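# Sequence first, predicted coordinates after that:
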Amino acid sequence: MNILIINENQRLLTLLSNSLLQAGHTVHTTDNPLHTLQLVQEMKPDLVLMDLMVSYMTCYEMISQIRAWTEKYIKIIIMTKINQDQVIEQVFDMGVDDYILLPLKRKELLARISRLERYKLIA
């Protein structure tokens, strides 16, 4: 699976990238949310992993932009420490495919990605 990770925490980017590479995925990372849509259009990833809390633009804006790009359905997983029902409901209503609470467990992330790989989603 071709995966784009968007997170401003370099340590977490490295940990996620290494785990996903070891699992056989193709991984690209960015710590700059401003480049998200450009990277999505260039890379055409199968999955975007993103933090809910980013600077410059909101995660909600990024989700909307990715969902507005209709050339390919891209799965989205949110990773965050925010455990508020209203926020979780809002991002699922926007079309997010999964929501993972931090701290992240490697096996859980890989299981959730594997589950999404089995679904053939159409935009």
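Received the coordinates, thanks.
# Quick check: D51 vs R118, distance?
25 Å (Cβ to Cβ, to the nearest Å). Glycine gets a C-beta too; all of them are placed from N, C-alpha and C.
# Of the two, give the one with the bigger neighbour count.
D51 (20 against 6; other Cβ atoms under 10 Å).
# residues touching that one, list them.
By Cβ atoms under 8 Å, 6 or more residues apart in numbering, the contact list for D51 reads I6, N7, E8, N9, C59, I78, M79, T80.
# what residues are up against L47?
M1, N2, I3, L4, I74, K75, I76, I77, I113, L116.
# Wasn't L20 part of a strand?
No. Assignment of L20 by DSSP: H, G, I helix; E, B strand; the rest coil gives helix, placing it outside any strand.
# Format the contacts of D51 as TSV; extra columns: secondary structure.
Shown next, in TSV, are the contacts of D51 (three-state DSSP):
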residue	secondary structure
I6	strand
N7	coil
E8	coil
N9	coil
C59	helix
I78	strand
M79	strand
T80	strand
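# Of those residues, select the buried ones using a PyMOL command.
Here is the PyMOL command that selects the buried residues among the contacts of D51 (16 or more other Cβ atoms under 10 Å):
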select buried, resi 6+7+59+78+79+80
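# that older thread, show me the contacts of L47 that map onto helices.
When DSSP state H is applied, those are split such that I113, L116 fall in helices.
# What does the residue nearest the centre of the chain show for phi and psi?
Nearest residue to the geometric centre of the chain (Cα atoms, centre = their mean): L49, 1.7 Å. For L49, the backbone dihedrals (degrees, to the nearest 10) come out as phi -100, psi 120.
# for the closest residue to it other than its chain neighbours, which residues make a bridge with it?
Leaving aside its chain neighbours, L49 sits nearest to I5 (4.7 Å; criterion: Cβ to Cβ, 6 or more residues apart in numbering). Assessed by DSSP bridges, I5 has beta-bridge partners T29, L49.
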